[in-house]
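In: this one's structure only:
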């Protein structure tokens with residue numbers, strides 16, 4: 001009988017400013033759908049995804065955090081125990097890129113062993129709206145030692161490959177929690193009169 005593949009669970013937290021597309025990225029990945037009327041996340045939402053790799057199975061626990069400033073204080077509650085933090089910015093909004101860089105610094109200072117992925121979202125939009133230089137962001141990510149991926153939650157471009165890349169890379173960076181089977185314990189037989 002073949003040995004069962006190990007199952008690992010990794011906590012991934014999405015951070016980024018409001019309206020950069022964190023929820024849309026997760027929705028595109030989990031439901032293969034895009035909702036143009038997506039409501040802002042309040043607090044955080046949780047999703048999970050199982051990915052079968054060659055030598056193991058990986059369960060990604062995806063935490064979608066609120067991007068509004070009033071929720072920034074609770075972000076450490078989610079990312080301090082994360083195996084991976086995905087920091088998303090909107091390529092058409094320079095302010096969100098600046099905020100993403102601040103998140104990178106905060107995570108690297110607070111949780112130095114955590115895998116970081118920087119995501120430039122909304123690459124489907126007209127080039128005239130783009131407010132960043134791709135080569136500059138790639139150099140920044142390389143200098144910080146983090147992965148950079150450009151995505152479109154609208155078209156689905158690079159969404160599946162983003163999460164597959166994370167599932168493959170996390171085990172190299174940090175061991176996840178291996179899930180164990182719980183075996184039922186037989187009740188001890190009572191002896192005596194009680």
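Out: Now that the structure is in, tell me what you want to look at. This one's a predicted model, so the numbers in the text were calculated from it and none came from an experiment.
In: which other helices and strands contact the helix or strand containing residue 109?
Out: Using DSSP states H and E, residue 109 falls within helix 94-110. Contacts defined by 3 or more CB pairs under 8 Å, 6 or more residues apart in numbering; DSSP states H and E place helix 94-110 against strand 7-16, helix 75-79, strand 84-90, strand 115-121, helix 134-144. (Each C-beta comes from the backbone N, C-alpha and C, glycine too.)
In: from the chain's centre, how far out does that helix sit?
Out: 15 Å (CA atoms, centre = their mean, to the nearest Å).
In: for residue 24, give its distance to residue 61.
Out: When distance is defined by CB to CB, to the nearest Å, residue 24 is 19 Å away from residue 61.
In: more neighbours, these two?
Out: Using other CB atoms under 10 Å as the criterion, residue 24 and residue 61 rank with residue 24 on top: 24 against 18.
In: now do the helix holding residue 109 against strand 84-90, angle only.
Out: 160 degrees (axes from the mean of the first three to the mean of the last three CA atoms, to 10 degrees).
In: quick one: mean pLDDT over helix 94-110.
Out: Computed over helix 94-110, the mean pLDDT rounds to 93.
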